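Requesting a structural model of the entry that follows:
(2 chains)
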Amino acid sequence: MVSMVGRSVRRWWGLFTLPTVLAFVVGFVVPFVMGVYLSFCRFTTVTDARFIGLGNYRAALSDGEFWHALVYTVAFTVVTTLVVNVVAFAVAFLLTKAIRGANVFRSVFFMPNLIGGIILGYIWLLLLNGVLAHWGRSITYSGVYGFWGMVMLYCWQQIGYMMIIYIAGLQALPGDVIEAAQVDGANGRQTLFRVTLPLMMPSITVCSFLTVTNGFKMFDQNLALTNGAPSNTSELLALNIYRTFYGRTGFEGVGQAKAVVFFVIVAVIAVLQNRLTTSREVSA
Amino acid sequence: MRCEMKAKSILAVAASLCMMLGVSACGGSSNPSAEGRVYMISQKVENNDQFVELGKQFTKDTGIAFNVVSPAADSYEQTLKSELAKSNAPTIIGLDNNDYPNWAEYCADLSGTSMYKDLKDPNYVLKTGDKVGAIPFVLDRYGIIYNKAILGKYFHASWASLHSVDEIRGFDALKTVADEIQAHKDELGIKGAFTSAGFESSSIRRYGDQLAHIPVYYEYRDQGRTDLPPTVSDKYVPDMKRIFDLYIKDETVPATQLSSATFDDAVSEFSLGDAVFIQTGSWAYPQLKGQKVEDKDMGVLPIYMGVPGEDKAGLTISSNYFAINKKIPAADRKATERFLDWMLTNDGARKIVTDTMGFETPFKSYSKAGYKTRNPILRSNDAYAKRHCYDMTIRPLPSQQWSLSLGNAMLEYAQGTGDWSKVQSAFVDGWASEYKTTHQG
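Sure, this is the predicted structure:
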């Protein structure tokens, strides 16, 4: 027996999905297909493109700064993924214990996430330059300064968000398993590593997926904090692509080719990482 | 039953698609008016409001619609790129010498226009082959702007080696003055001789581009050409080092903090009387005026760097150009040309351009009617013109990337993380490689 609502949904599903499908096609599918096509073209404005084959890819892969940005981005992603997840988990673990003001702390830790990346970048630019001025330096003094500046900014922003996911995961843990572990004489450390963490793997999968992909794609904070200075040494991949596209006329296709390569890298890493963490998920 | 349902849902999809298309068809297209339209994309960000005012006047006089956008300098070409792809593309494109080669194929031939015929010197235009691609509408000048009041204090000091600005006719004199001012900065109540040589993105162009144009000018002169050469020599790089060393030694902030110093920082240091010299140009006048330093206290020196014969140098001259988009309907082209004619002949327009915008124009009709700007930075050149000094004209650079890489190398040299050989290589080798990547193939 299908309800009235169910029947209308079956009959009119096309109408209901249409706005989303259209938005998806206009906002994603068309630009994506066009983007891939344009990566094989020489063009200045997207409306008059000339097909040139693989030339853009050759130029993209022979660009030293592209490889520098790639290595820099990988290092950034590794460091931030570790720091964000470890700290977020620790904070979530603390805030699910009965401490006074846990709710206040949760809100406070989550707040940085509500601020846009560009504004955050400029605020941290002022803060970090203010502190560094003490030693007569500034954040764009070298790529190393920029790296740690961005790590701080990004962790500060992301920890609260991941913390919320971990808190939800921790609260959903089955109490009986933990109790059973305690009855069996497991100490706190054993409970954490042998029981809680394996049960938390679904949350860890989600959080590490988000941090890895967000780390790879980071753009606005990079633009606002260092803008790649000095000499593009603090440039992450997304900014490198942007600069290639807009820096020189005639290089739009090369930027586009880099973007396609970038997409493939992020997709492959995300799939691998997802497989890896999902395979460790257990059920109570 | 199932089949019927499927048919119905397909129908529903089709019907709603049609509806949507119908709606977008109504909203998307507008009837092109027979009179055409004028749509200008301008590089003169600081004059945007005045262009809007000019446009209003034009629409009132002629009934033709006028629209202007002025994207920020570092996103100008990217906005232009996307605007040109639209169906209502800009009809007037603002360009400078550096951008022109990138957009030359979008520029219509302007040799038949009255604006071209009205130029005092037809050599000012930008050409591709025989095609007149872009016509200058404003002449800017730049150099080292100084504060006459503080410099006057220096000239009267007992320890000063020089006693009049007329004695500053070359790099050595400038260095003496700057070094002595820096040594006695507390006595003069200032923070440094030069404002901060900032390398933040709002300011990096002052060095990688504006300063670099001086050695580039002499290089073009030696090669005897005005179009982009495939290579340049390192002959004038040591001269650039001389003045740059002076900038970073006698300035208001430690060189290790230059990477985040902005153009606004430099402007405020000058405007508050914390420094005597600032390297910038007539376009900065709207920002400099009305502050602590009065118009009569602003003077300008050429950028001296120790090149032989530079005592006969005047200020550096740079222009901003109008081009007409080749790919617009005939009616729009006609409306656009009418706008340009109107700018040359209408008194209201000439008044806005000269007095409100403070532009020095290269047109005969303006000088014939007695229109002359009071911008003190432009007027400073009159003294040099009287002495028959030569104008240091800015010449095409291979690409924006060239000046950025050069600027970055200069920054690393300034803060001590790189050495001068990198700057030299960015100048000479960078030129050759940028020429190869952007102008061949």
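
for chain A, what are the nearby residues on the stretch 301-441 of chain B?
B:399-401, B:404-405, B:408-409, B:411-412, B:415, B:417-418, B:434, B:437-438 (Cβ under 8 Å from any Cβ of the partner chain). The C-beta positions use only the backbone N, C-alpha and C, and glycine is treated the same way.

Just the closest of those residues to chain A, please.
Taking Cβ to the nearest Cβ as the measure, chain A lies nearest residue B:408 of those, at 3.9 Å.

How about the closest one: what's its closest non-neighbour residue?
Ranked by Cβ to Cβ, 6 or more residues apart in numbering or on different chains and with sequence neighbours excluded, the top spatial neighbour of residue B:408 is residue A:231, at 3.9 Å.

Of the residues of the stretch 301-441 of chain B next to chain A, which is the most crowded?
residue B:411 (28 neighbours; other Cβ atoms under 10 Å in any protein chain shown).

picking that back up, pull the number of nearby residues for the residue nearest to residue B:408.
Neighbours of residue A:231 (other Cβ under 10 Å): 22.

Over to residue B:60?
For residue B:60, the number of neighbouring residues by other Cβ under 10 Å comes to 10.

quick one: secondary structure of it?
helix (DSSP: H, G, I helix; E, B strand; the rest coil).

So it versus residue B:137, what's the distance?
Counting by Cβ to Cβ, to the nearest Å, the separation of residue B:60 from residue B:137 is 21 Å.

How about residue B:430?
The gap separating residue B:430 from residue B:137 is 31 Å, by Cβ to Cβ.

Likewise for residue B:335?
When distance is defined by Cβ to Cβ, residue B:335 is 17 Å away from residue B:137.

could you pull out the strands for the stretch 1-150 of chain A?
A:41-43, A:49-51 (DSSP state E, counting those that start in this stretch).

In a markdown table: these, plus distance to residue B:294, mean pLDDT and mean neighbour count.
What follows is the strands of the stretch 1-150 of chain A, written out as a markdown table (distance: least, Cβ to Cβ, whole Å; pLDDT from 0 to 100; neighbours: other Cβ atoms under 10 Å in any protein chain shown):
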| stretch | distance to residue B:294 | mean pLDDT | mean neighbour count |
| --- | --- | --- | --- |
| strand A:41-43 | 51 | 88 | 19 |
| strand A:49-51 | 54 | 87 | 12 |
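
May I see these organised as TSV, with distance to residue B:210 added?
Output for those, formatted as TSV (distance: least, Cβ to Cβ, whole Å):
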stretch	distance to residue B:210
strand A:41-43	31
strand A:49-51	34
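
Go through the ones you listed and name the closest to residue B:359.
strand A:41-43 (34.8 Å; Cβ to Cβ).

Settle this for me: the residue nearest to residue B:408 is touching residue B:412, isn't it.
Yes: the pair residue A:231 and residue B:412 passes the contact test of Cβ atoms under 8 Å, sitting 6.3 Å apart.

For those two, list the residues in contact with both.
The contact sets of residue A:231 and residue B:412 overlap at residue B:418 (Cβ atoms under 8 Å, 6 or more residues apart in numbering or on different chains).

OK, contacts around residue 273?
Picked chain A for this. Applying Cβ under 8 Å, 6+ apart, the residues contacting residue A:273 are A:208-209, A:212.

my bad, the chain I had in mind was chain B
By Cβ under 8 Å, 6+ apart, the neighbours of residue B:273 are B:147, B:149-150, B:189-190, B:292-293.

I'd like to know which of the residues you listed are buried.
B:147, B:150, B:190, B:293 (16 or more other Cβ atoms under 10 Å in any protein chain shown).

what's the lowest-pLDDT member of these?
Among those, residue B:293 carries the weakest pLDDT, at 91.

Phi first, then psi, for the nearest residue to residue B:354 once chain neighbours are set aside.
Nearest residue to residue B:354, sequence neighbours excluded (Cβ to Cβ, 6+ apart): residue B:371, at 4.3 Å. Residue B:371 adopts backbone torsions of phi -90, psi 120, taken as degrees, to the nearest 10.

where's residue B:371 relative to residue B:285, distance?
Counting by Cβ to Cβ, the gap from residue B:371 to residue B:285 is 17 Å.

Show me the chain divided up by domain.
All of this refers to chain A. A:4-55, A:62-278 (automatic domain parsing).

I was after chain B.
B:37-139+B:319-378, B:142-316+B:392-439.

Please name whichever of those is nearest to residue A:169.
Closest to residue A:169 of the domains of chain B, according to Cβ to Cβ: domain B:142-316+B:392-439, at 40.8 Å.

which residues does the nearest residue to residue B:157 once chain neighbours are set aside contact?
Among residues not flanking residue B:157 along the chain, residue B:184 sits closest, at 7.0 Å (Cβ to Cβ, 6+ apart). The contact partners of residue B:184, taken as Cβ under 8 Å, 6+ apart, are B:154, B:157, B:159.

Let's see the pLDDT reported for residue B:184.
95.

Show the backbone phi and psi for it.
phi -110, psi 30.

The residue nearest to residue B:354 and residue B:356 touch, don't they?
No: distance between residue B:371 and residue B:356: 11.9 Å, which falls outside the contact criterion (Cβ under 8 Å).

Between those two, which has more neighbouring residues?
Set residue B:371 next to residue B:356 and count neighbours by other Cβ under 10 Å: residue B:371 wins out with 18 against 13.

show me what contacts that one?
By Cβ under 8 Å, 6+ apart, the residues touching residue B:371 are B:350-351, B:353-354, B:361.

Farthest-apart pair in those residues, please.
Using Cβ to Cβ, the contacts of residue B:371 span at most 12.2 Å, a distance reached by B:351 and B:361.

which one of these two has more residues nearby?
Using other Cβ under 10 Å, the more surrounded residue of residue B:351 and residue B:361 is residue B:361, with 24 against 14.

Residue 244: helix or strand, and which one exactly?
Using chain A. Using DSSP states H and E, residue A:244 sits in helix A:237-247.

look at chain B instead
Using DSSP H and E, residue B:244 falls in helix B:237-249.

Quick one: the contacts of residue B:371 as a markdown table, columns for pLDDT, distance to residue B:261 and secondary structure too.
What follows is the contacts of residue B:371, written out as a markdown table (pLDDT from 0 to 100; distance: Cβ to Cβ, whole Å; DSSP: H, G, I helix; E, B strand; the rest coil):
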| residue | pLDDT | distance to residue B:261 | secondary structure |
| --- | --- | --- | --- |
| B:350 | 93 | 39 | helix |
| B:351 | 92 | 38 | helix |
| B:353 | 91 | 33 | helix |
| B:354 | 90 | 34 | helix |
| B:361 | 92 | 34 | coil |
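
Of those residues, just say which sits nearest to residue B:174.
Of the contacts of residue B:371, the one sitting nearest to residue B:174 (Cβ to Cβ) turns out to be residue B:361, at 30.9 Å.

got a list of what the closest one touches?
By Cβ under 8 Å, 6+ apart, residue B:361 lies in contact with B:137-139, B:353-354, B:371.

Report the separation between residue B:249 and residue B:209.
Taken as Cβ to Cβ, the span from residue B:249 to residue B:209 is 22 Å.

Which one of those two is surrounded by more residues?
Using other Cβ under 10 Å as the criterion, residue B:249 and residue B:209 rank with residue B:209 on top: 20 against 16.

Which of the three states applies to the closest residue in space to the more buried one that isn't next to it in sequence?
Spatial nearest neighbour of residue B:209, chain neighbours left out: residue B:403 (4.2 Å); criterion: Cβ to Cβ, 6+ apart. Here residue B:403 is recorded as helix under three-state DSSP.

What's the local residue count around residue B:403?
Residue B:403, neighbours per other Cβ under 10 Å, totals 25.

Since that was my last question, I'll sign off now.
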